[in-house]
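> Predicted model and sequence follow; I will ask about them next.
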Amino acid sequence: MNNIQHRFFRSREALHHSLLENTKYQLEKAIQSNGEASFMVSGGSTPKALYQSLATSEIAWHQITVGMVDERWVDRHSEASNEKFIRINLLNNKAAKSRFVNMKIENQCVQQAEFNVNQNYSQLNKPFDLTILGMGNDGHTASLFPYADGIEEALKNESKLCSAISAKRSKVTGEFTERMTLTAPAINRSRLIKLLITGKDKLDTYNRALAGDDIIEMPVRAILNQKQTPIVVYWAP
């Protein structure tokens, strides 16, 4: 049976409070157990409040390494850059003491950069102690997009931590179809995964993902259907 816990809340404020307290607990527990923690983060509006609150939290940030779950292949100063989003919302105040491993390599196309990104990510403490994921209404998570070029490799290759993806352009991707992402096997080797979703549409998408097994159609199923790593699903209207 899949190792999924559901934490559903009546409000996003209640979700945020629970998510914040448990995230601090998980990071502190990893530091106590291993002397350090690896914290993999996603972009998007849903975890924004979490990151802003964590940035001012009294945690041993100098013992935490923050890594990207995925990245749009844009200039790191672009408003579309997940790295810029993380730097603004998390890597400041007290959290500025953390170590950071980014995904974007300047002056290389995403396919050329894949080897170097994997080399950089090999320095992270593994298994990742905590991975934060979101999900789109198309059933993608990280930058594992349905029917994307490179998706089968990113879903199945056990030897890679990161994989280049060229997504099919859609309302979800917008113009930014070139991506770098953690592979599904790398995500699934985390100690704990938190999947954050809000709103009825996302809940409907989530339930549809649970009901099927075609991972190319809805790549989030590669995470939901695995049995090795606990997943906590946070949802609020």
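Yep, that arrived. These numbers were taken from a predicted model, which means no experiment stands behind them.
> Run a quick neighbour tally on residue 189.
A count of neighbours around residue 189, defined by other CB atoms under 10 Å, yields 18. For glycine as for every other residue, the C-beta is placed from the backbone atoms N, C-alpha and C.
> how far away is it from residue 4?
17 Å (CB to CB, to the nearest Å).
> Then residue 142?
Residue 142 is 17 Å from residue 4, where distance means CB to CB.
> neighbour count winner among those two?
residue 142 (31 against 16).
> which residues does the more buried one contact?
42, 69-70, 133, 181-182, 187 (CB atoms under 8 Å, 6 or more residues apart in numbering).
> Swap in 10 Å and give it another go.
By CB atoms under 10 Å, 6 or more residues apart in numbering, residue 142 lies in contact with 40, 42, 68-71, 131, 133-135, 154, 162-163, 165, 179-184, 186-187, 219-220, 222-223.
> same question, residue 208
Residues in contact with residue 208 (CB under 10 Å, 6+ apart) are 137, 139, 217-218, 220-221.
> Could you tell me how far the helix or strand where residue 185 lies lies from the centre of the chain?
Using DSSP states H and E, residue 185 sits in helix 184-188. Chain-centre distance of helix 184-188: 10 Å, with CA atoms, centre = their mean, to the nearest Å.
> Give the pairing partners of the next helix or strand after it; include direction for each.
Next helix or strand after helix 184-188 toward the C-terminus (DSSP H and E): strand 193-198. Paired neighbours of strand 193-198 in the sheet (DSSP bridges): strand 130-133 (parallel), strand 231-236 (parallel).
> didn't residue 80 look like it was pressed against residue 174?
Yes - contact criterion CB atoms under 10 Å: residue 80 and residue 174 qualify, at 8.0 Å.
> Among those two, which residue is more densely surrounded?
With neighbours defined as other CB under 10 Å, residue 80 and residue 174 compare such that residue 80 has more, 15 against 11.
> Let me know the pLDDT of the more buried one.
Looking at residue 80, its pLDDT reads 96.
> quick one: what helix or strand has it in it?
Residue 80 belongs to no helix or strand, assigned by DSSP H and E.
> Same check on residue 22?
In the assignment (DSSP H and E), residue 22 maps to helix 12-34.
> Flag every buried residue along that helix.
For helix 12-34, the buried set under the neighbour-count rule, 16 or more other CB atoms under 10 Å, comprises 12, 15-16, 19-20, 22-23, 26-28, 30-31.
> thinking again about what came up before, among the contacts of residue 142, which lie within strands?
Using DSSP state E, the members of these that fall in strands are 40, 68, 70-71, 131, 133, 162-163, 165, 179-182.
> Report the distance from the helix holding residue 22 to the chain centre.
Centroid separation for helix 12-34 versus its chain: 16 Å, with CA atoms, centre = their mean.
> Then stretch 219-226?
Its chain's average C-alpha position is 13 Å from that of stretch 219-226, according to CA atoms, centre = their mean.
> Convert that stretch to PDB, retaining C-alpha atoms only.
Extracted C-alpha coordinates of stretch 219-226, given in PDB (Å, rounded to 0.1, in the frame of the first residue of the first chain):
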ATOM      1  CA  PRO A 219       3.900  12.000 -14.100                       C
ATOM      2  CA  VAL A 220       2.900  12.900 -10.500                       C
ATOM      3  CA  ARG A 221       1.800   9.200 -10.400                       C
ATOM      4  CA  ALA A 222       5.500   8.200 -10.400                       C
ATOM      5  CA  ILE A 223       5.700   9.800  -6.900                       C
ATOM      6  CA  LEU A 224       2.200   8.800  -5.600                       C
ATOM      7  CA  ASN A 225       2.500   5.200  -6.700                       C
ATOM      8  CA  GLN A 226       5.900   4.400  -5.200                       C
END
